[in-house]
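**Q** Next input, structure requested:
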Amino acid sequence: MEASQIADLLRAIAEVLESDPKFAKAVEKCLTNSLNAQKSKDSSNVTPKQLEASKTLKNGDLILTECRQILRGQGEQQLRLYLTELGEQVRELLKHGQLDPKRSMRRRKDLNIIIEHIIQKLQAQDKSGKLLAASISKI
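**A** Model prediction:
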């Protein structure tokens, strides 16, 4: 399965999750349990050196999902505030969700430019997912 096919599948799943709250809660519970189990496993394997060197964003995909939910539910302005609160971690967020495949935005010094880039990418991905879901529902 190609990356674009996987992305399309995930967008379709996201649309189903948005339309069925019971299903969304069940998936969220399952993911939370899985992440908690992974965290406890990882925390037993972490060395002190890894803790010092950890400037990376943990659970970047979950934060990206939260960003999408904020964008859909509360709007662009709230998302901008949320990303501003993340500060320098916004650079790490670019590594997730195909937001910066060429790695050019991570080098930017101005965080506001990076935040605008993330918002534009998330809006484009959201629009693409809605178009896909609409085309699937017509079949």
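**Q** in the chain, which spans are helices?
**A** 3-19, 21-45, 48-52, 60-73, 76-86, 89-93, 111-138 (DSSP state H).
**Q** buried residues in the last one?
**A** Burial within helix 111-138, assessed by neighbour count using 16 or more other C-beta atoms under 10 Å, is assigned to 114-115, 117-119, 121-122, 125, 129, 132-133. All C-beta spots, glycine's among them, are computed from the backbone N, C-alpha and C.
**Q** likewise the fifth one?
**A** When burial is assessed from 16+ other C-beta under 10 Å, helix 76-86 yields the following buried residues: 79-80, 82-83, 86.
**Q** if we look at stretch 65-72, which residues are touching it?
**A** By C-beta atoms under 8 Å, 6 or more residues apart in numbering, the list of residues contacting stretch 65-72 from outside reads 14, 18, 78-79, 82-83, 93, 118-119, 122-123, 125-126.
**Q** closest to Leu62 among these?
**A** Nearest to Leu62 among the contacts of stretch 65-72 is Leu93, at 10.9 Å by C-beta to C-beta.
**Q** List the contacts of the closest one.
**A** The contact partners of Leu93, taken as C-beta under 8 Å, 6+ apart, are 57, 60, 63-64, 67, 83, 86, 99, 118.
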